[in-house]
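J.: What would the 3D arrangement of this be:
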Amino acid sequence: MASSDEEEGVLSTKLHKVAFIHSEDYVNICDRLPKVRGRAGLTTSLIESYGLLKDRNLSIIKPSRATDYDLLAFHSQEYIDCLKKSTEIEDDEETSQFGLGYDCPMFEDIYDCVSAIAGGTIAAAEVLKNGQASVAINWQGGWHHAQRDEAAGFCYVNDIVLGILKLREKYNRVLYVDLDLHHGDGVEDAFSFTSKVMTVSFHKYCSGFFPGSGSCLHVGRGKGRYYSLNVTYNDGITDRPFVEVFNRVMSKVRAKYKPDAIVCQCGVDTLAGDPMASFNLTQFGVGHCVKNLLSWNLPTMILGGGGYNLVNTARCWTYLTGLILGKALPNDIPEHENFLSYGPSYQLAVISGPQPDLNTRDDLQNQLKKALGNIKNIL
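T.: Sure thing, here's the model as predicted:
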C-alpha cells in the first residue's frame, strides 16, 4: 500500500496533456513477441481497469505501422529485407548474421510486429513534435539493443532511435534516459558521435552480463565525447540509493546539457521479483525517476522495454500511467478479465525482496563522482 507521502507525491505532479499509443490491433500484434508474449494485453487491460484510458487529460493515438522508408532512417536495407522474408529462409547462417536466432527467434508475422512497434514510437514522437501532447506513452516500445543491421537482446528493431530521429526534426537537443537493467547499447551506439543526442543509462554492469557494454569509461566519441553517460550498479540496489544517485546525476545533466526534449525508456526488469533476479526496486523508485524528468516540463516520450515478470511489469506501468496523469491509484486491483493473474495479493504494489544490496556507500559515491566528472566536460 502506498504511504500518504507517496500518494501525495503522485498527486502533486503537474497535470500533463498525455497521448497514449494504443489500438486493439496494436496490442494483439505486440502480444506475439516471443520473450514477452501476452504482456501488452495484460498491461493494457490493467490500465483500462483503473479507468485511465478515459481520463480527460489523455488522448488515445492509434498508430500506423512503420513503412520501409521509416525503418531505413536507421536500419539497413539488407536487414529489413531479411526480416520480411525471415520465415521463408531455411539457411540458418543467412539469418544468424542478422542476429536472428536464440535471443531473437523468428516467429510468424515478425515484420508486421516490428513495423507496428516502430510505428508506435514514431507516432509518439509525431504528437510531441506537433504539440498535440506534452507527454507521449508507448509501453510497447523501448527496444534498445537492436543495431542498424542486427537484432539483439530480444530487440528486433530500435524504435527508440527512430523516435529520437523524428524528434530531432524539430528539437535541437534530445536527452535519452534509460532505466532498464541492461545498458542501452543500441541507442548509445547510434548517437555516440553526436552532441545533439545525449544518452544517459543507469544499469547493471559486471563481467559476463549482457550486453557487456556500458562502463562508466564509455563516454562517446568524436563530437559526441562526454555525451554518452553510464551509471552502473551492483545487484540488490533498492529504491532509495537508486533515486538518490539518479537525482544528483540528472540535476547536473539538466544544468549542463539543457535539452529541448526527453525520451525515457522505462524497462522494469529492475523490479523485485523479475526473473533477471538482479535489482530490488519497486514501482515507487521507478516512479520517482519519471516524476523527476516530468518536472522539467519538456516534451517527454515514455517507453517500455524489459520486464519479464509480466504481472509486475503491468503493475508498474499502470502505476506510472497514473502518476503521469496525476492519479493516485487504489492498491486493490479492480476486477477485470485478468484479475486472477494478480493473486494471491491482488494488490498493485510491487514488494521489495529480501536479497542483499551489494552496493556499498563507497560504490555509490565512486559512481557518482565519475558521472559528475564526465558531466563537467559537456559544452
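
J.: got the residue ranges for the strands in this structure?
T.: 18-21, 58-61, 135-138, 174-178, 197-204, 228-233, 261-265, 300-303 (DSSP state E).

J.: Dump the ones you listed into CSV; add distance to Cys216, mean neighbour count and mean pLDDT as well.
T.: C-beta coordinates here come from the backbone N, C-alpha and C atoms, glycine included. As requested, the strands of the chain are arranged in CSV below (distance: least, CB to CB, whole Å; neighbours: other CB atoms under 10 Å; pLDDT from 0 to 100):
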stretch, distance to Cys216, mean neighbour count, mean pLDDT
strand 18-21, 33, 24, 98
strand 58-61, 37, 18, 98
strand 135-138, 29, 28, 98
strand 174-178, 14, 27, 98
strand 197-204, 10, 25, 98
strand 228-233, 5, 24, 98
strand 261-265, 19, 24, 98
strand 300-303, 24, 28, 98
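
J.: Which one of these lies nearest to Pro241?
T.: strand 228-233 (8.4 Å; CB to CB).

J.: so what strands line up beside that closest one?
T.: strand 197-204 (parallel) (DSSP bridges).

J.: Now do the contacts for the residue lying closest to Ala123 once chain neighbours are set aside.
T.: Using CB to CB, 6 or more residues apart in numbering and skipping the chain neighbours, the partner closest in space to Ala123 is Pro63 (4.0 Å). By CB atoms under 8 Å, 6 or more residues apart in numbering, the contact set of Pro63 is 21, 23, 26, 116, 119-120, 122-123, 138.

J.: pLDDT score assigned to Pro63?
T.: We have a pLDDT of 98 for Pro63.

J.: thinking again about what came up before, export the strands of the chain as TSV, with columns for distance to Ser213.
T.: Output for these, formatted as TSV (distance: least, CB to CB, whole Å):
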stretch	distance to Ser213
strand 18-21	29
strand 58-61	33
strand 135-138	25
strand 174-178	12
strand 197-204	9
strand 228-233	8
strand 261-265	16
strand 300-303	20
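
J.: of all those, which lies closest to Leu358?
T.: Here strand 228-233 is closest among the strands of the chain (CB to CB), at 8.7 Å.

J.: got the angle for that closest one vs strand 174-178?
T.: Taking axes from the mean of the first three to the mean of the last three CA atoms, to 10 degrees, one finds strand 228-233 and strand 174-178 inclined to each other by 20 degrees.

J.: Tell me which residues are up against strand 228-233.
T.: With contact meaning CB under 8 Å, 6+ apart, strand 228-233 is reached by 183, 188, 191-192, 198-205, 214-216, 218-220, 242, 245-246, 249, 253, 279, 359, 363, 367-368, 371, 374-375.

J.: taking those residues one by one, which sit in helices?
T.: 188, 242, 245-246, 249, 253, 363, 367-368, 371, 374-375 (DSSP state H).

J.: Per-residue pLDDT of the closest residue to Ser45 other than its chain neighbours, please?
T.: Computed as CB to CB, 6+ apart, the closest residue to Ser45 that is not its neighbour in sequence is Asn338, at 5.1 Å. We have a pLDDT of 98 for Asn338.

J.: And for Val161?
T.: In this model, Val161 carries a pLDDT of 98.

J.: try Asp68
T.: So Asp68 comes in at 95 (pLDDT).

J.: Same question for Glu7.
T.: 40.

J.: Gly142: neighbouring residues, count only.
T.: Neighbourhood size, Gly142 [other CB atoms under 10 Å]: 31.

J.: That one reaches Asn158, doesn't it?
T.: No: in this structure, Gly142 is not within contact of Asn158 by CB atoms under 8 Å, at 10.0 Å.

J.: what sits in contact with each of those two?
T.: With CB under 8 Å, 6+ apart, Gly142 and Asn158 have no common neighbours.

J.: how about Ala349, phi and psi?
T.: phi -70, psi 140 (degrees, to the nearest 10).

J.: Next one: it from Tyr308, what distance?
T.: 19 Å (CB to CB, to the nearest Å).

J.: Where do the helices of the stretch 51-200 of the chain begin and end?
T.: 68-71, 77-85, 92-96, 110-129, 159-167, 185-190 (DSSP state H, counting those that start in this stretch).

J.: looking at these, which is closest to Asn292?
T.: The nearest among the helices of the stretch 51-200 of the chain, by CB to CB, is helix 110-129 at 18.6 Å.

J.: roughly how far is that closest one from the heart of the chain?
T.: 14 Å (CA atoms, centre = their mean, to the nearest Å).

J.: If we ignore the residues flanking it in sequence, what's nearest Phe98?
T.: Cys82 (4.8 Å).

J.: didn't that neighbour look like it was pressed against Ser96?
T.: No: counting by CB under 8 Å, Cys82 sits too far from Ser96 to count as a contact (10.4 Å).

J.: higher neighbour count, these two?
T.: Cys82 (23 against 12).

J.: ok, the residue nearest to Ser45 - contacts?
T.: 41-42, 45-46.

J.: Tell me the one among the residues you listed nearest to Phe74.
T.: For the contacts of Asn338, the nearest to Phe74 is Gly41 (27.9 Å; CB to CB).

J.: Just the pLDDT at the closest one, thanks.
T.: 98.

J.: what about it, distance to Ala314?
T.: Relative to Ala314, and taking CB to CB, Gly41 is found at 9 Å.

J.: With neighbour numbers in mind, choose between those two.
T.: Ala314 (28 against 18).

J.: Around Gly38, how many other residues sit close by?
T.: With other CB under 10 Å as criterion, Gly38 counts 15.

J.: Could you report the separation of it from Asp25?
T.: 16 Å.
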